[in-house]
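Trainee: Structure of the sequence below:
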Amino acid sequence: MAVNHHPPVTDFATDFDHTDPTWVNNPFPIWDELRTTCPIAHSDRYGGTWLPVTHEHVSAIAYDTENFTSRAVVVSEVRPGPMDLPAPIGVAPPITSDPPFHAMARRLLLPAFAPRKVDALEPFTRQLCNDLLDALEGKDIVDAAVEYAQHIPLRVIAKMLGFPAEDADYFRHVIHLILEEGITVTEDDDERLVEGQALDAYFDNQIADHVANPRDDLTTFLLEAELDGNKLMHEHVRGTMLLILVAGIDTTWSAIGSALWHLAHNPDDLKRLAAEPDLMPFAIEEMLRAYAPVTMARLVAQDVEIGGCPMKEGDWVLLPFPAANRDPEFFDRADEVIIDREENRHAAFGLGIHRCLGSNLARMELRVAVEEWVKRFPDFELADPSAVTWAAGQVRGPRSIPVRLPG
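Mentor: Numbers count the residues shown, from 1 in each chain. Purely as a prediction, here's the structure:
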């Protein structure tokens with residue numbers, strides 16, 4: 001059963017579903033109401049799920065690695081296994097790893113996402129953006145998501161991993177399956193089991209090719225890396241590939257798309273950004289705050305009470321970082337997009353030990369993508385606001401943004 005094929009929600013305080021169309025299209029009023037009436041909501045869906053919507057509660061849970069485990073971070077109908085087993089590497093380390101292994105797995109990857117490495121990718125990213133924009137020249141109406149935003153992280157991540165650029169459509173398919181269709185739900189579903197096996201085979205083929213032909217990319221880096229003097233386990237390499245492919249693509253194209261969607265229907269912000277390019281760093285951080293794409297998940301590792309709510313071992317907990325970013329107790333004028341906001345300690349990249357280690361890369365892609373678009377099209381608008389569609393699941397961003405370009 002696909003995660004967005006559930007019965008409609010009638011009460012988000014007692015029966016919420018993050019894939020419900022009302023949530024998908026506009027979750028902000030839902031979070032606003034819950035903050036005042038039920039700051040930690042509960043639902044029996046997915047076998048029991050909790051939803052904190054204040055910055056205080058989201059932060060407390062994100063930092064608590066004793067009572068909450070990261071062995072599964074995408075809500076589905078199944079759990080990853082008995083909760084009393086030692087914390088595993090997880091299917092996508094380090095994001096699915098718990099301490100103490102998490103720290104080692106994360107530290108291993110830090111050099112690959114260091115500022116110097118990210119800076120080296122900027123010329124490629126800028127050229128890619130301009131090539132995509134060249135293809136839009138002369139058109140009246142284009143889809144800023146499908147024809148622009150979605151291509152950028154696909155190509156950048158493929159280049160980082162050393163995967164063939166022509167496999168981009170397959171990556172898009174994989175992301176849809178995992179984040180929107182719940183590929184982890186394989187029970188009584190032969191089709192999804194086959195999809196998972198095909199993905200494993202794809203990674204295995206890439207690993208074999210890199211073993212035979214090492215080169216300067218992230219896959220070879222993983223194959224040559226060591227933990228405590230030992231090469232990484234095959235499952236570790238494959239799992240980290242999965243993490244980078246999924247977490248590094250949909251999140252970033254969603255952020256790019258949200259920024260363009262905002263500018264398309266806020267002409268004053270667009271005009272100001274085009275006239276004052278020095279505002280770009282502030283605008284990028286504010287777009288990240290206001291339209292943070294990622295809602296992460298945890299599993300309750302042992303019975304615990306948070307905010308008066310008795311959470312039971314094995315319950316899911318959704319951590320909506322976008323809701324934390326809209327909490328008026330933490331941010332002044334939280335529901336407004338202020339492109340010159342100076343103090344902006346947002347949680348778009350998460351909180352706690354799992355804060356996104358690719359944040360430098362995502363920021364660069366978002367900044368370059370918006371810079372080049374605004375340079376090329378300093379005046380554009382939504383062609384049909386009702387035609388904008390949004391992704392369902394734990395990564396929210398526009399899937400389609402029809403915009404009218406200047407003639």
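
Trainee: so where's this protein shaky on pLDDT?
Mentor: Within the chain, the stretches with pLDDT under 70 are 1-5, 81-88, 181-192.

Trainee: what about the strands in it?
Mentor: Secondary structure of the chain, counting by DSSP state E: strands at 40-43, 49-52, 68-69, 141-143, 226-227, 230-231, 295-300, 304-306, 309-311, 316-320, 381-382, 389-390, 398-400, 402-404.

Trainee: would you list those strands in TSV and tack on mean neighbour count?
Mentor: Yep, even glycine has a C-beta here, placed from its N, CA and C like the rest. Below are the strands of the chain laid out as TSV (neighbours: other Cβ atoms under 10 Å):
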stretch	mean neighbour count
strand 40-43	20
strand 49-52	24
strand 68-69	24
strand 141-143	17
strand 226-227	12
strand 230-231	10
strand 295-300	22
strand 304-306	15
strand 309-311	17
strand 316-320	25
strand 381-382	16
strand 389-390	18
strand 398-400	22
strand 402-404	21
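
Trainee: would you turn those strands into a markdown table with distance to Asp335?
Mentor: Formatted as a markdown table, these follow (distance: least, Cβ to Cβ, whole Å):
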| stretch | distance to Asp335 |
| --- | --- |
| strand 40-43 | 19 |
| strand 49-52 | 18 |
| strand 68-69 | 28 |
| strand 141-143 | 28 |
| strand 226-227 | 44 |
| strand 230-231 | 50 |
| strand 295-300 | 18 |
| strand 304-306 | 25 |
| strand 309-311 | 25 |
| strand 316-320 | 15 |
| strand 381-382 | 20 |
| strand 389-390 | 18 |
| strand 398-400 | 19 |
| strand 402-404 | 24 |
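
Trainee: So for Phe171, which of those strands sits nearest?
Mentor: Closest of those to Phe171 is strand 398-400, at 15.4 Å (criterion: Cβ to Cβ).

Trainee: Tell me who's in contact with Leu299.
Mentor: Contact analysis of Leu299 by Cβ atoms under 8 Å, 6 or more residues apart in numbering lists 68-72, 79-80, 83, 314-317.

Trainee: do Ala369 as well
Mentor: For Ala369, the contacting residues are 125, 129, 148-149, 152, 256, 259, by Cβ under 8 Å, 6+ apart.

Trainee: try Glu137
Mentor: Arg376.

Trainee: Tell me the backbone dihedrals of it, please.
Mentor: Backbone torsions for Glu137, taken as degrees, to the nearest 10, come to phi -60, psi 140.
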